[in-house]
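Participant: Predicted model and sequence follow; I will ask about them next.
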Amino acid sequence: MNCKVIDLGIIDYKKAYDFQKKYAQEVLNGSDQVLILCEHPTVLTMGRLAKEYNVLFSKDKLKERGVEVLNIDRGGDVTLHTRGQLIAYPILNLANYDKDLRKYLYKLEQVVIDLLSDFDIVANRLSGKTGAWVGDKKIASIGIGVRKWVSIHGLALNVNTDLNQFAMINPCGLDVSMTSVAQVIGVDIEISKVKQSLIDCFCKQFELIKG
Amino acid sequence: MEEIKLPELGEDIEKATVACFHCNVGDHVNADDDIVEVVTDKATFNVPTKVSGNIINILVAVGQEIKIGQVIAHIDEEGNNESENQ
């Protein structure tokens, strides 16, 4: 199967969401699978299981900082998106992958683990806590939405993220520390380098040909 | 009368939580329309109807945990009455 890679660059969350819906309809109609890559300006997104108390800043303080809080149709709790975080939204027909939500999440975790190994970072899964972890710090968050077995949403990997911004939330409702590729390797890294690795690992994991 | 059930969502997934409904009792729905959205930890999943007709009842509530195979709603399938009358 072919996979169309679409790099939206830095894009507002809601605009990227509209693109996801558009491509999800195309994939449902039989078009090539799609991998959307992008970065978002700072925004908090509340998944379907989000608890308000996991947003640690007051509404006024968030407003002051110009940070919008959006309720969205993905699994999971609250997540922060911001610059320096590589977002991947795979729009895949999961009917091609056993129609299994858990297996799909596992594969997304593997994509992150594989790509981080390209940068000599050893990442792992933590039982019962979906995502990718370096030691006990979370480096990537994962949450998906599925309609007619076509996926939207996906994963957010901290590359050069300003980790201080996570003070606004309890990420994913867990009392955890976040880390980033730059923090782990100790030097700044261009997001474009990580992007290429993500595309390669993604296509390999899902047996797709970049078209 | 057609049952809308929570379908298999994958190996080892036994239950899901009702997140929201896309329709109400009495609404007319078309085949393939999404009826309800459920959530399993990190994933949301929309359950569609296979048939067109009117929603007769909804048996579960938002926030409720439901099992795979559990009946969520009933639909009075379109065309059933006609065939009975013929």
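Facilitator: Sure thing, it's come through.

Participant: ranges for the strands of chain B?
Facilitator: Per DSSP state E, chain B carries strands over the ranges B:2-5, B:15-21, B:28-29, B:34-40, B:43-48, B:53-58, B:65-67, B:71-77.

Participant: what angle sits between the biggest strand by length in chain A and strand B:43-48?
Facilitator: Criterion DSSP E: the longest strand present in chain A is strand A:137-147. Calculated by axes from the mean of the first three to the mean of the last three CA atoms, to 10 degrees, strand A:137-147 forms an angle of 0 degrees with strand B:43-48.

Participant: Check which helices and strands the next helix-or-strand element following strand A:137-147 sits against.
Facilitator: For strand A:137-147, the following helix or strand on the C-terminal side (DSSP states H and E) is strand A:150-158. Under the contact definition 3 or more CB pairs under 8 Å, 6 or more residues apart in numbering or on different chains; DSSP states H and E, strand A:150-158 sits against helix A:13-28, strand A:85-91, helix A:101-117, strand A:137-147, helix A:181-185. Every C-beta, even on glycine, is put in place using the N, C-alpha and C of the backbone.

Participant: could the ones you listed go into TSV alongside mean neighbour count and mean pLDDT?
Facilitator: Converted to TSV, those look like this (neighbours: other CB atoms under 10 Å in any protein chain shown; pLDDT from 0 to 100):
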stretch	mean neighbour count	mean pLDDT
helix A:13-28	16	98
strand A:85-91	25	98
helix A:101-117	21	98
strand A:137-147	25	97
helix A:181-185	19	98
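
Participant: before we move on, the earlier item: any idea of the angle the longest strand of chain A forms with strand A:150-158?
Facilitator: Using the same axes, to 10 degrees, strand A:137-147 lies at 170 degrees relative to strand A:150-158.

Participant: could I get strand A:137-147 in CSV with only the CA atoms?
Facilitator: Output of strand A:137-147 as CSV, limited to C-alpha atoms (Å, rounded to 0.1, in the frame of the first residue of the first chain):
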residue,chain,number,x,y,z
LYS,A,137,10.1,10.3,31.8
LYS,A,138,7.6,10.5,29.0
ILE,A,139,8.9,11.5,25.6
ALA,A,140,5.9,10.9,23.4
SER,A,141,2.1,10.9,24.0
ILE,A,142,-0.3,8.9,21.9
GLY,A,143,-4.1,9.2,21.5
ILE,A,144,-6.3,8.2,18.6
GLY,A,145,-9.8,8.5,17.2
VAL,A,146,-11.4,5.9,15.0
ARG,A,147,-14.4,6.2,12.7
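
Participant: CA atoms only: put stretch A:67-78 into PDB for me.
Facilitator: Output in PDB follows, covering the C-alpha atoms of stretch A:67-78 (Å, rounded to 0.1, in the frame of the first residue of the first chain):
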ATOM      1  CA  VAL A  67      -3.300  29.300  25.300                       C
ATOM      2  CA  GLU A  68      -6.600  27.900  24.000                       C
ATOM      3  CA  VAL A  69      -8.100  24.800  25.600                       C
ATOM      4  CA  LEU A  70     -10.000  22.500  23.100                       C
ATOM      5  CA  ASN A  71     -12.200  19.500  23.800                       C
ATOM      6  CA  ILE A  72     -11.500  16.900  21.100                       C
ATOM      7  CA  ASP A  73     -12.600  13.500  20.000                       C
ATOM      8  CA  ARG A  74      -9.500  11.400  20.900                       C
ATOM      9  CA  GLY A  75      -8.900   9.000  23.700                       C
ATOM     10  CA  GLY A  76      -6.900  10.100  26.700                       C
ATOM     11  CA  ASP A  77      -6.700  13.000  29.100                       C
ATOM     12  CA  VAL A  78      -5.100  16.500  28.600                       C
END
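
Participant: Only the buried residues of it, if you could.
Facilitator: For stretch A:67-78, a neighbour-count test (16 or more other CB atoms under 10 Å in any protein chain shown) marks A:67, A:69, A:72-78 as buried.

Participant: right, and out of those residues, which lies closest to chain B?
Facilitator: A:G75 (4.1 Å; CB to the nearest CB).
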